[in-house]
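Novice: Next comes the sequence, and after it the predicted model I'd like to discuss.
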Amino acid sequence: MSKAWKVTLSIIAGVLLLFAIAEGGIRAFISHQVTSQAPEGTSVSFGAKPVTLGLLGGKFPHMTVDQQSTLVVDGNQFTGNPAAVVEMDNVRVAGNDPVAEELHMTTTLPNEYVRAMLNQQLEEQIGDQGFLSNLITVSAVTANPEKETFTIEFTGGLAGIELRPTMRDGQLALEAENTALFGFDLPDEVANAVSDALSQGVEGNTVGTMRVDDFQVVPGGIQITLAGTDVNFNELQMMTEQPQQVETRSS
């Protein structure tokens, strides 16, 4: 092998080594920056595409943030957030804000969280309306993944409603499978109040221009996947939401 080829190969090897060091350093630095501000146990990954080459073009090719739950439910009060997995593609920095061209966030809302959230929403909507305020108290939410429904029980199980979530034309619909549990027919006011509370609850888990992309009943709760384009990551953290239409229909 000629001396020129040896020199060329040495240069290439050196460049590749520097590239590998830079790639590892950038990944470690960004991962530390994200996890240091996040709940303990949060992990960050970047996929197979080189981060360094992406940065030369002004974008991260891909980033996944797996955030652990900080949720604590105490009666009808709760603090923190459920666990979530955030997938971001082509992340650029606009000013001081990271913006993802495409973003998907999947989170599971536990039964107890849904129950507490519904009671808070119902209290805001009904207020001190005597009969309704006493009747419409959610005592339990039960996920039925084998039936793809979830049941909301009121006043210790005296009455309830079973709902089936479906996606129609990009919109979330909640179909009432049964509104006469335990031999007690629910008045229209109750069904309407539950519908409104569920709408507000779903809205509270949307962020900015994001939309509900998937809604499934899973063991122990409800799994929601949100999707959006050109999503500001700081807005995502601040949980700035826009209304999301929810339709409730009786089958």
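Specialist: Good, I have the coordinates. Numbering: from 1, shown residues only.

Novice: Confirm for me that Phe46 is in contact with Val34.
Specialist: No: assessed by CB atoms under 8 Å, Phe46 is found out of contact with Val34, at 10.7 Å. (Each C-beta comes from the backbone N, C-alpha and C, glycine too.)

Novice: Wait, Gln68 touches Gly41, no?
Specialist: Yes: when contacts are counted by CB under 8 Å, Gln68 is listed as touching Gly41 (3.8 Å).

Novice: Please identify the buried residues of stretch 61-74?
Specialist: Residues of stretch 61-74 classed as buried under the neighbour-count rule (16 or more other CB atoms under 10 Å) are 61-63, 65, 67, 69, 71, 73.

Novice: Let me fix that, I meant to ask about stretch 24-43.
Specialist: With the criterion 16+ other CB under 10 Å, stretch 24-43 contains buried residues 26-27, 30-31, 34-35, 38, 42.

Novice: what's the average pLDDT for it?
Specialist: Averaged over stretch 24-43, pLDDT sits at 73.

Novice: got it, and stretch 120-129?
Specialist: 70.

Novice: isn't Val73 right next to Ala116, touching?
Specialist: Yes: counting by CB under 8 Å, Val73 touches Ala116, with 5.3 Å between them.

Novice: What are the boundaries of the strands in the protein?
Specialist: 43-45, 60-67, 72-74, 77-79, 84-94, 97-110, 138-144, 149-154, 159-168, 171-178, 211-218, 221-232, 246-250 (DSSP state E).

Novice: Remind me what the third one packs against, helices and strands.
Specialist: Spelled out, that is strand 72-74. helix 111-126 (3 or more CB pairs under 8 Å, 6 or more residues apart in numbering; DSSP states H and E).

Novice: Specify the angle between the helix it packs on and strand 149-154 in degrees.
Specialist: Relative orientation of helix 111-126 versus strand 149-154 (axes from the mean of the first three to the mean of the last three CA atoms, to 10 degrees): 60 degrees.

Novice: tell me what helix 111-126 is packed against?
Specialist: So helix 111-126, by 3+ CB pairs under 8 Å, 6+ apart, packs with strand 72-74, strand 77-79, helix 131-135, strand 138-144, helix 188-203, strand 221-232.

Novice: Between strand 221-232 and it, find me the angle.
Specialist: 70 degrees.

Novice: buried residues in helix 111-126?
Specialist: 111-122, 125-126.

Novice: I'd like the residues you listed as a markdown table, with distance to Ala83 appended.
Specialist: Below are the buried residues of helix 111-126 laid out as a markdown table (distance: CB to CB, whole Å):
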| residue | distance to Ala83 |
| --- | --- |
| Asn111 | 15 |
| Glu112 | 14 |
| Tyr113 | 11 |
| Val114 | 15 |
| Arg115 | 18 |
| Ala116 | 17 |
| Met117 | 16 |
| Leu118 | 20 |
| Asn119 | 22 |
| Gln120 | 21 |
| Gln121 | 22 |
| Leu122 | 26 |
| Gln125 | 28 |
| Ile126 | 31 |
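
Novice: Grab the nearest non-local neighbour of Lys49.
Specialist: Distances taken as CB to CB, 6 or more residues apart in numbering place Pro61 nearest to Lys49, at 3.9 Å, with adjacent residues excluded.

Novice: returning to what we had before: return the member of the buried residues of helix 111-126 nearest to Leu55.
Specialist: Of all the buried residues of helix 111-126, Leu55 sits closest to Tyr113, with 38.0 Å by CB to CB.

Novice: What separation do you get for that closest one and Gly80?
Specialist: According to CB to CB, to the nearest Å, Tyr113 and Gly80 sit 10 Å apart.

Novice: Quick check: neighbours shared by these two?
Specialist: Leu71 (CB atoms under 8 Å, 6 or more residues apart in numbering).

Novice: ok, so of the buried residues of stretch 61-74, who is nearest Leu163?
Specialist: Nearest member of the buried residues of stretch 61-74 to Leu163, counting by CB to CB, is Val73, at 20.5 Å.

Novice: Fine, thanks again, bye for now.
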